[in-house]
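Trainee: coordinates only, sequence not included:
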């Protein structure tokens, strides 16, 4: 986390998080100024997406290698789609790709250790993802399941992942299932399960402003800045 990187107290700038976030986006868009980014993080600037824009995605797609490393070390969330987007972009260089690949694999392996006594199917899925990410075609780790895939089984896996606060495997499962609110054989949905277990952050992660409905509309396009 950011506080682990910067052991001194965060400065109380008096600025609103939205303004700080806009400044962080602007700083990243201008260059790979890791000192300026570090200073903004020390002021308490949020690093999770606000207003439909992600500082990590911006840093990756503009190939800010040092900034990407800093944001990953500060525990910025990793959307499953970002891996595919980075590997398929001609503008992202090997240094950024290596940082992303390492981050995905490290976080998935950490979640695997947590899930070993909870779900063999999730462990098997993580093994597949890590093997794919470390293979010759990392972008294939993000793929939609075939139509005949058992949606009930997918939902049950997502419920187990969210209840265990395993956000990375949950992100991959969310892409596979398309929508996290249905219920399978589990009593709770993938949103109810993390809230019941006290993991509000992972519930918020599932409520991504980048989610599409059946008409291809983004949630963020239907929301005000305040929302």
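Mentor: That came in fine, so what should we check first? Values in this document were obtained by computation on a predicted structure and should not be read as measured data.

Trainee: Just say helix, strand or coil for residue 89.
Mentor: Counting by DSSP: H, G, I helix; E, B strand; the rest coil, the backbone at residue 89 sits in coil.

Trainee: so it makes contact with residue 61?
Mentor: Yes. The pair residue 89 / residue 61 is scored as a contact, 6.2 Å apart, by Cβ atoms under 8 Å. Any C-beta I mention is one placed from the backbone N, CA and C, and that applies to glycine too.

Trainee: List the contacts of the nearest residue to residue 93 once chain neighbours are set aside.
Mentor: Once flanking residues are discounted, residue 93 sits nearest to residue 63: 5.4 Å by Cβ to Cβ, 6 or more residues apart in numbering. Neighbouring residues of residue 63 by Cβ atoms under 8 Å, 6 or more residues apart in numbering: 91, 92, 93, 96.

Trainee: Quick check: the gap between the last one and residue 22.
Mentor: Distance, residue 96 to residue 22, by Cβ to Cβ, to the nearest Å: 23 Å.

Trainee: Count the residues that sit near residue 109.
Mentor: Using other Cβ atoms under 10 Å, residue 109 has 14 other residues around it.

Trainee: Surely it is in a helix?
Mentor: Yes. Counting by three-state DSSP, residue 109 is located in a helix.

Trainee: got a winner among the contacts of residue 63 for most neighbours?
Mentor: residue 96 (23 neighbours).

Trainee: part of a strand, is that one?
Mentor: No. Counting by three-state DSSP, residue 96 is not part of a strand but helix.

Trainee: from here on, count from 52
Mentor: Sure, I'll start numbering at 52, so the last one becomes residue 147.

Trainee: Is it in contact with residue 122, as I believe?
Mentor: No. Using Cβ under 8 Å, residue 147 is not in contact with residue 122, being 11.1 Å away.

Trainee: related to what we said a few turns ago, what's the distance between the residue nearest to residue 144 and residue 143?
Mentor: In terms of Cβ to Cβ, residue 114 sits 5 Å off from residue 143.

Trainee: on that earlier part again, ramachandran angles for the residue nearest to residue 144?
Mentor: Note on residue 114: its backbone torsions stand at phi 60, psi 50 [degrees, to the nearest 10].

Trainee: Then the one 10 residues further on?
Mentor: Backbone geometry at residue 124, expressed as degrees, to the nearest 10, gives phi -70, psi -20.

Trainee: For residue 102, see how far away it is.
Mentor: Taken as Cβ to Cβ, the span from residue 124 to residue 102 is 24 Å.

Trainee: same question, residue 117
Mentor: 25 Å.

Trainee: sorry, back to before: from the contacts of residue 114, which two are the most distant?
Mentor: Based on Cβ to Cβ, the longest span within the contacts of residue 114 runs between 142 and 147 and measures 9.5 Å.

Trainee: Residue 138: neighbour count?
Mentor: When neighbours are counted by other Cβ under 10 Å, residue 138 registers 18.

Trainee: Surely it is in contact with residue 147?
Mentor: No. In this structure residue 138 lies outside contact range of residue 147 using Cβ under 8 Å: 10.2 Å.

Trainee: Look up the pLDDT of residue 226 for me, please.
Mentor: On pLDDT, residue 226 comes in at 73.

Trainee: what's the helix or strand for it?
Mentor: helix 218-228 (DSSP states H and E).

Trainee: tell me which strands and helices that helix is in contact with?
Mentor: helix 131-138, helix 145-166, helix 171-184, helix 202-214, helix 251-257 (3 or more Cβ pairs under 8 Å, 6 or more residues apart in numbering; DSSP states H and E).
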